[in-house]
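S.K.: Predicted model and sequence follow; I will ask about them next.
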Amino acid sequence: MQATIYKSTGSWYTAKTTTGEAFQARIKGVMKIDEDITSTNPIAVGDVVEIVREDGDATAQNAMITEIKDRRNYIVRSSPHKKNQKHIVAANLDQAMLICTVKEPRTSNGFMDRFLVTAAAYHIPVILVFNKRDIYKEKDLDKFAELQALYEDIGYKVLLVSAEKESGIDELVAEMKDKTTLMAGHSGVGKSSLINRLLPGLDLRTKAVSGWSGKGLHTTTYAEMYDLPAGGKLIDTPGVREFGIVDIPKTELSHYFLEMQAYLPQCQFNNCLHINEPGCAVKAAVEAGEIDVNRYVSYASILETIQEEQY
């Protein structure tokens, strides 16, 4: 039977068949795992798998996973336990939504840009969703308008919503209809509150922002997929403080800053890192105001964090 993984808790997985039947499944010991992926988790939420009932019992709700189908795409972060290994957050996505806030807590441009780079590297479109519209004062709305202009100009869709006041929720539902959407965001941005609006009756635990650090407290520990009432699937991911940039060589990073792509062929050197090389078209574009300076700063700081493989 073909099934999709809705939840993973380590060695057991919740798998749902095309007819909606749910099974608790585990991996068959000798199953071949994709050797190309050195990840800490062989199967991720969103994976399409082949399962068989255990012991051939037609009523058993336990099953054995015998095969993982090829993934259309997947998104990774550095493994929480083993920094040099990666953890597949989810597979077979149509899009990702990054939940952000202008304040309480403020989402940094660097965090947004790291997420956008990772998603671009894995060919996953992103919608930026700014939550907590209800607490924004005029200066916060000005800041939002600035960020909206910056990211829409690059080609990203940017939405403003309030989970608290339920404003902008219909637009979210429309964007997610009949698609598999990964929802991510660092803790405290109100992701669980938004999901509770999208999935009435689910009642995900929500936590207040921890006062002294302005950083939110984690409430999700495992990624989990839900069916949306209006059609489509939502994958909720653990509050991700750091989306580590995994598997991206230094020379490729600029390809995932979408607004830099047009300038790359014009650089004097084809392995230009756009830092201090002569004849760099990207730096010239920043100086001319064609590429936003904050995005360039993000690029330079991400570049510094990339550890090149030692050969």
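M.R.: Sure, I can see it.

S.K.: C-alpha only now, for contacts and for neighbours.
M.R.: OK.

S.K.: Sketch out the low-pLDDT regions of the stretch 201-311 of the chain for me.
M.R.: 203-221, 239-244, 308-311 (pLDDT under 70).

S.K.: where exactly do the helices run in it?
M.R.: Along the stretch 201-311 of the chain, the stretches classed as helices by DSSP state H, counting those that start in this stretch are 281-287, 293-305.

S.K.: Just the buried residues of the last one, please?
M.R.: Within helix 293-305, the residues that count as buried by 16 or more other Cα atoms under 10 Å are 295-296, 298-300, 302-303.

S.K.: hang on, the earlier thing: between the helices of the stretch 201-311 of the chain, which one is nearest to Thr66?
M.R.: helix 293-305 (38.5 Å; Cα to Cα).

S.K.: Now stretch 123-140: buried residues?
M.R.: Along stretch 123-140, these residues count as buried under the neighbour rule (16+ other Cα under 10 Å): 123-133, 136.

S.K.: In three-state terms, label Ala63 for me.
M.R.: strand (DSSP: H, G, I helix; E, B strand; the rest coil).

S.K.: should've said Ala119
M.R.: Taking three-state DSSP, the label given to Ala119 is helix.

S.K.: mind listing what it touches?
M.R.: 75, 96, 125-126 (Cα atoms under 8 Å, 6 or more residues apart in numbering).

S.K.: The helices of the stretch 201-311 of the chain: which one's closest to Leu147?
M.R.: Closest approach to Leu147 among these is made by helix 293-305 (10.6 Å; Cα to Cα).

S.K.: now the strands for the stretch 201-311 of the chain?
M.R.: 224-227, 233-236 (DSSP state E, counting those that start in this stretch).

S.K.: Adjacent strands (with direction) for the last one?
M.R.: What it means is strand 233-236. strand 180-184 (parallel), strand 224-227 (antiparallel) (DSSP bridges).

S.K.: looking at the ones you listed, which is buried most?
M.R.: Greatest average neighbour count among those goes to strand 180-184 (a mean of 25), per mean count of other Cα atoms under 10 Å.

S.K.: any idea how far the one helix or strand Lys139 maps to is from the chain center?
M.R.: According to DSSP states H and E, Lys139 maps onto helix 138-154. Centroid separation for helix 138-154 versus its chain: 21 Å, with Cα atoms, centre = their mean, to the nearest Å.

S.K.: Packing partners of that helix?
M.R.: Identification of packing neighbours for helix 138-154 by 3 or more Cα pairs under 8 Å, 6 or more residues apart in numbering; DSSP states H and E yields strand 157-160.

S.K.: by contact count, what packs against the strand it packs on?
M.R.: strand 126-130, helix 138-154.

S.K.: right, and these - which one's nearest Val246?
M.R.: Nearest of those (Cα to Cα): strand 126-130, 18.0 Å.

S.K.: still on that earlier bit, flag every buried residue along the helix holding Lys139.
M.R.: Quick answer for helix 138-154 (16+ other Cα under 10 Å): 144, 147-148, 150-151.

S.K.: Need the contact partners of that helix.
M.R.: Against helix 138-154 from outside (Cα under 8 Å, 6+ apart): 102-103, 157-158, 258-259, 292.

S.K.: Return a PyMOL selection command for the buried portion of these.
M.R.: Listed next is the PyMOL selection for buried residues among the contacts of helix 138-154, using 16+ other Cα under 10 Å:
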select buried, resi 102+103+158+259+292
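
S.K.: Pipe the contacts of helix 138-154 into JSON lines and attach distance to Thr9 per row.
M.R.: Conversion of the contacts of helix 138-154 to JSON lines gives the following (distance: Cα to Cα, whole Å):
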{"residue": "Val102", "distance to Thr9": "33"}
{"residue": "Lys103", "distance to Thr9": "33"}
{"residue": "Lys157", "distance to Thr9": "33"}
{"residue": "Val158", "distance to Thr9": "33"}
{"residue": "Leu258", "distance to Thr9": "35"}
{"residue": "Glu259", "distance to Thr9": "39"}
{"residue": "Asp292", "distance to Thr9": "41"}
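
S.K.: which of the contacts of helix 138-154 lies closest to Gly29?
M.R.: Nearest to Gly29 among the contacts of helix 138-154, with distances taken as Cα to Cα, is Leu258, at 42.2 Å.

S.K.: distance of the closest one from Met183?
M.R.: From Leu258 across to Met183, the span is 21 Å (Cα to Cα, to the nearest Å).

S.K.: Neighbours of Glu171, how many?
M.R.: For Glu171, the count of nearby residues is 12 (other Cα atoms under 10 Å).

S.K.: where does it land in three-state SS?
M.R.: Glu171 - assigned by three-state DSSP - is helix.

S.K.: so what's it scoring on pLDDT?
M.R.: Looking at Glu171, its pLDDT is 95.

S.K.: contacting residues around it?
M.R.: Counted by Cα under 8 Å, 6+ apart, Glu171 has zero contacts.
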